[in-house]
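> Got a predicted model here, sequence first, then my questions.
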Amino acid sequence: MPRTMFEKIWDAHVVRDEPGEVPMLYIDRHLTHEATSPQAFAGLRARKLPVHRPDSVVAVIDHNVPTVPGRRLIDVVDDQSVMCIETMEENARDFGVKLLDMNDADQGIVHVVGPELGLSLPGMTVVCGDSHTSTHGALGIFAVGIGTSEVEHVLATQCLLQQKPRTMNIVVDGVLAPGVTAKDIALAVIRKLGTDVGTHHVIEFSGSAVRSLTIEGRMTLCNMAIEAGARAGMVAPDDVTIEYVRGRRFAPSGELFELAAAQWKQLASDPGARFDAEHHLDVGELVPQVTWGTNPGMVADVTGTVPDPAAESDPATRAGLEQALEYMGLEPGQRIQDVGVDTVFIGSCTNSRLEDLRIAAGFAAGKRVAEGVRAIVVPGSMNVRRQAEEEGLADIFREAGFEWREAGCSMCIAMNGDRLAPGERCASTSNRNFEGRQGRGGRTHLVSPGTAAATAVAGRFADVRDL
Ligand SMILES: CC(C)[C@H](C(=O)O)[C@@H](O)C(=O)O
Ligand code: SF4
């Protein structure tokens, strides 16, 4: 029977699947970070259990770290964060797990570091106590976010109990206009299909528009599968994937790599494989997207306007729109390009890879950040940071008046000192725009890196196609 990519990876990892029981999956790679692992390791200590396969586990410090240049432990903003970081260091030491500590040359956001170092490879099962683990799916991986008690379970047994998700194929066709990127596709998908379309599903992204994306772009798309409600997102490995993985530090090399690559190419869904659900989208006419509300499905064209709740006949929907506009401080019918921002954040596991920074730098080169706007660029990893410095991107940003930071989650999540003040409005390349996500009372608009940089220069939402 023809199988989907997800089914092939699932079948290769099922350890036990008995009627009436939750299936058990073998896990190849376990990534972990300081925010969701302390209780899991504490559980192991309490039960006097070792980590079953320490060489499969890599710990990263990313959520709670300050990103100020030259950061030290004293820069960590609160006691809770200090405790998370110190506990991670102690657990990694005691349990024999590799740690990319705050000042490690490879430190960065776990979902940027995993693919970058070749820790996540096609065909694997990858888990992390973090919802955006889906990002790794861009390489053809079943990568799933798990809860802290599951982190403990995987540490102890290398296995995960997992209800088999349903499969969904989202076919994205068409040729993107210049300046329109994977982030715009992701926002357009959620805008069209909603924030819960993916519930209980693994989404495979396919179609000509997806095939033409770089691995970085595919990661952006898979990263945001979570905001469409999915368990995971995936893209089938192809030649682009294989060239991306080749030469990565922890990837196989030489003959072993060729053998692995031949297998990875077999992972693509078979012709005629059946998905439980399928959706189609054409992005030939897609324009840059900007969220105006408080969930990632509240999206407008950059050339569009803020919606008018009065036009909504359903009272509940109308009330939801009114509440979002109230929180966001926006007026119905306001033109998106008339909305001014206070802050621009370029970073997060959605959009902080080298390609993202190159695109953003393209709109910053020779320009100045608008008067009164604070703009920060936070590379996804220290490797990205170094490469960006070598390429001159850091200088472009600094000369344009952007702050150039150390790697971490930063202002994507207000738990490390980088945050919005109440009422501040931010164009952000991250993935979540819930109330308070970037700081209490902060107003988040999700955009692509190009739109973010162009907006920093204009001081209001800008259409990159005009530049
Ligand atoms: C802190 C962590 C549990 C959380 C997640 O799981 O996604 C964070 O990374 C986020 O993006 O909200
Ligand atoms: S960058 Fe944001 S979305 Fe990504 S792992 Fe960190 S907090 Fe979560």
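Sure, I can see it. Numbering: from 1, shown residues only. Ligands and ions are numbered 1, 2, ... in the order given.
> and the residue of the stretch 201-350 of the chain nearest ligand 2?
residue 349 (3.4 Å; CB to the nearest ligand atom). The C-beta positions use only the backbone N, C-alpha and C, and glycine is treated the same way.
> hang on, that residue in a strand?
No: under DSSP: H, G, I helix; E, B strand; the rest coil, residue 349 sits outside any strand and is assigned coil.
> pretty sure it contacts residue 223?
Yes: the criterion here is CB atoms under 8 Å, and residue 349 meets it with residue 223 at 5.9 Å.
> Overlap in contacts, the two.
Both residue 349 and residue 223 are contacted by 111, 132, 135, 431, under the criterion CB atoms under 8 Å, 6 or more residues apart in numbering.
> residues near the residue of the stretch 201-350 of the chain closest to ligand 2, how many?
28 (other CB atoms under 10 Å).
> Kindly report the same for residue 461.
As a burial measure, residue 461 scores 25 neighbours (other CB under 10 Å).
> For residue 203, see how far away it is.
28 Å (CB to CB, to the nearest Å).
> try residue 361
From residue 361 to residue 203 the distance is 31 Å (CB to CB).
> Between the two, which is the more surrounded one?
residue 203 (32 against 24).
> and that one, that's in a helix?
No: counting by three-state DSSP, residue 203 is not part of a helix but strand.
> ok, now which ones touch it?
168, 169, 170, 225, 228, 230, 232, 233, 234 are the contacts of residue 203 under CB under 8 Å, 6+ apart.
> could you check the distance from it over to residue 322?
Separation of residue 203 from residue 322 (CB to CB): 31 Å.
> per-residue pLDDT, residue 452?
Looking at residue 452, its pLDDT reads 99.
> neighbours around it, how many?
Neighbour tally, residue 452, other CB under 10 Å: 33.
> element containing it?
In this structure, residue 452 sits in helix 449-458 according to DSSP states H and E.
> same thing with residue 184?
helix 182-193.
> Determine how far that helix lies from the middle of the whole chain.
14 Å (CA atoms, centre = their mean, to the nearest Å).
> what about residue 170, how many neighbours?
So residue 170, with other CB under 10 Å, has 28 neighbours.
> nope, residue 218 is what I was after
Residue 218 has 26 neighbours, counted by other CB under 10 Å.
> for residue 14, same thing?
Residue 14 has 13 neighbours, counted by other CB under 10 Å.
> Pull the contacting residues for it.
So residue 14 contacts 23, 24, 25, 26 (CB under 8 Å, 6+ apart).
> Just the CA atoms of the helix holding residue 452, as CSV, please.
C-alpha atoms of helix 449-458 as CSV (Å, rounded to 0.1, in the frame of the first residue of the first chain):
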residue,chain,number,x,y,z
PRO,A,449,11.9,39.5,8.1
GLY,A,450,11.8,41.7,5.0
THR,A,451,8.6,43.4,6.2
ALA,A,452,10.1,43.8,9.7
ALA,A,453,13.2,45.5,8.4
ALA,A,454,11.4,47.7,5.9
THR,A,455,8.9,48.6,8.7
ALA,A,456,11.8,49.6,11.0
VAL,A,457,13.0,52.1,8.4
ALA,A,458,9.6,53.4,7.5
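> Does anything pack onto that helix? Which helices or strands?
The helices and strands touching helix 449-458, judged by 3 or more CB pairs under 8 Å, 6 or more residues apart in numbering; DSSP states H and E, are strand 343-346, helix 354-364, strand 425-428.
> and whatever residue of the chain ends up closest to ligand 1, how many neighbours does it have?
Here the residue of the chain nearest ligand 1 is residue 131; by CB to the nearest ligand atom that distance is 3.5 Å. Residue 131 is flanked by 18 other residues according to other CB under 10 Å.
> if you skip the residues just before and after it, what's nearest to it?
With sequence-adjacent residues excluded and distances taken as CB to CB, 6 or more residues apart in numbering, residue 131 is closest to residue 145, at 4.1 Å.
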